[in-house]
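Student: below are the sequence and a predicted model for it; my questions follow.
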Amino acid sequence: MSTDFSFSIKTLRFDEQYEPSESTRITTNFANLARGADRENNLRNALTMINNRFNNLAKWDNPTADRYAVELDIISVEMHVGAAANDATFPAIEILKTNILDKKTNTRIEGIVGNNFSSYVRDYDFSVLLLDHNKGQPSFSVPENFGDLHGKLFQYFINSETYKQHFTKLPVICLSVSDNKVYHRTDNQHPILGFEYTPNESSLTEQYFKKMGLQVRYFMPPNSVAPLAFYFFGDLLNDYTNLELISTISTMESFQRIYRPEIYNANAAAGACYQPNLKNQDHSLTQIVYDRKERSQLAIEQGKFTEEHFIKPYQTVLEQWSASYAL
C-alpha cells in the first residue's frame, strides 16, 4: 500500500518578479500581494521588511545592519496517486524555503524549510469537514479521527526519499498565536527566539499539528510585540543555527505584520500575561496591500476543490492506506 503515493517538488522564487500560479494553494496566503497595480511595490516592501528584520536580529559583525539578505523559494509538493507515472496528481502542500545571502563573504547559507504552511487537505478539514460537522449543532465538536489522514500524509512526505533528496533538515513551521488563548511569559529566554510563552490550554491547531508529528513552543523574539508559534520535530533550540532561526523569524514575523497587524504590528508589546486581540485598534498598518477577506473565501473554495478532486474520488484508497499506515 505504501507505493500508492509518491511526491514531486517544484520550486519557484518569491521575489519582486513573482507571479502566482493559478494552480497552487498559496493563493490563499501571500500570493495576493503579487496582484494588482501595486504588486511590485508590495513585493519589494515585503522583502525589504524581511531583510531589515533579519539584520536587526543578526547584529554581530554587522555594524551597518545590511550584511544579509533573505532569498525565498516557494516549494510546491505534488502527490501522485497510483504507482504509474501518468496516474493522477494532486497539489498537496506548499511551504517556503529560506536561504541567506551573506554579502560580506559573498556566500549563500542554507536556511530553514517550512516556515509558511499551506495544504489543500487542511483546507478541506477546517473549511468543509469541520463546518459541515457543526452545522445545526448546539455546541462545537470535532469529527472522529479529525486530522488523521492529513497527519499521516504529511509524515509520509517528510519521511520520503523525495524530501530527503531536497532538504537536509526537518521543517519548522511558524504560525500566529491563537486569539482565544491566554499566553504566560516564562523565565526561559533564548538569545534569538526571545522569551518563551506557554498557553493556558491546547488549541485545535496544536492538536492538528501534533497528528503531523510536530511539537509546538511559543517565543517572542527581541523587539517583537507578540509571540510566534514554532512547530517542529526534534529540538528547536539546538537543531538549528542562529542564522537559520533568524531566517524563519524575519520571514514569518514580517508576513504576520502584513496579515495580522492587530497582533504583530501592535503599538504595545505583549506583557507577562497576553491574550491576542484581532479587534485591537492600537496598531499600525504596513505599506502593503493585503486582502484578508479573499484569503478566507479561497480557503473554502479550495477545501471544496479538495473534496471534489481528491477526497471523494480516492476515498476508498485513502481510507485503506490510512488504516494500514503505521506512524
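Tutor: Looks like it arrived, so ask away.

Student: quick one: low-confidence parts of the stretch 201-327 of the chain?
Tutor: 289-296, 327 (pLDDT under 70).

Student: repeat for the stretch 1-150 of the chain
Tutor: For the stretch 1-150 of the chain, the stretches with pLDDT under 70 are 1-3, 21-37, 83-87.

Student: mind doing that once more with 80?
Tutor: Along the stretch 1-150 of the chain, the parts satisfying pLDDT under 80 run over 1-4, 17, 19-40, 82-88.

Student: which residues in it form helices?
Tutor: For the stretch 1-150 of the chain, the helices defined by DSSP state H, counting those that start in this stretch occupy 39-57, 120-124, 130-134, 148-158.

Student: what's the last one packed up against?
Tutor: The criterion is 3 or more Cβ pairs under 8 Å, 6 or more residues apart in numbering; DSSP states H and E, and the helices and strands that helix 148-158 contacts are strand 5-14, strand 68-81, strand 89-102, helix 120-124, helix 204-210, helix 315-324. The way it works is simple: take the backbone N, C-alpha and C, and place the C-beta from them, glycine included.

Student: out of the helices of the stretch 1-150 of the chain, deepest packed?
Tutor: helix 120-124 (a mean of 24; mean count of other Cβ atoms under 10 Å).

Student: which secondary structure elements does that one contact?
Tutor: strand 89-102, helix 148-158, helix 292-306.

Student: and the shortest one, how far out from the chain's middle?
Tutor: Here the centre of helix 148-158 is set off from its chain's centre by 16 Å, with Cα atoms, centre = their mean, to the nearest Å.

Student: count of neighbours near residue 207?
Tutor: Residue 207 has 12 neighbours, counted by other Cβ atoms under 10 Å.

Student: what's it in contact with, if anything?
Tutor: Each residue near residue 207 by Cβ atoms under 8 Å, 6 or more residues apart in numbering is listed here: residue 147.

Student: redo that, cut-off 10 Å
Tutor: Going by Cβ atoms under 10 Å, 6 or more residues apart in numbering, residue 207 touches 142, 146, 147.

Student: any idea how far the second one lies from residue 211?
Tutor: In this structure, residue 146 lies at 8 Å from residue 211, with Cβ to Cβ, to the nearest Å as the measure.

Student: cool, the first one as well?
Tutor: Applying Cβ to Cβ, one obtains 12 Å for the distance of residue 142 from residue 211.

Student: which of the two has more residues huddled nearby?
Tutor: Each of residue 142 and residue 211 has its neighbours counted (other Cβ under 10 Å); residue 211 has more, 18 against 15.

Student: surely that one and residue 151 touch.
Tutor: Yes: taking Cβ atoms under 10 Å as the definition, residue 211 is a contact partner of residue 151 at 3.1 Å.

Student: how about the strands in the stretch 151-300 of the chain?
Tutor: 172-176, 183-190, 194-199, 215-220, 228-232, 273-274 (DSSP state E, counting those that start in this stretch).

Student: other SSEs contacting the last one?
Tutor: The criterion is 3 or more Cβ pairs under 10 Å, 6 or more residues apart in numbering; DSSP states H and E, and the helices and strands that strand 273-274 contacts are strand 183-190, strand 194-199.

Student: which among those strands is found nearest to residue 272?
Tutor: Nearest to residue 272, of all the helices and strands packed on strand 273-274, is strand 183-190, at 4.6 Å by Cβ to Cβ.

Student: about what we covered before: in JSON lines: the contacts of residue 207, plus distance to residue 198.
Tutor: Listed next are the contacts of residue 207 as JSON lines, based on distance: Cβ to Cβ, whole Å:
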{"residue": "142", "distance to residue 198": "23"}
{"residue": "146", "distance to residue 198": "24"}
{"residue": "147", "distance to residue 198": "23"}
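
Student: would you mind checking which of these is nearest to residue 79?
Tutor: For those, the nearest to residue 79 is residue 147 (17.0 Å; Cβ to Cβ).
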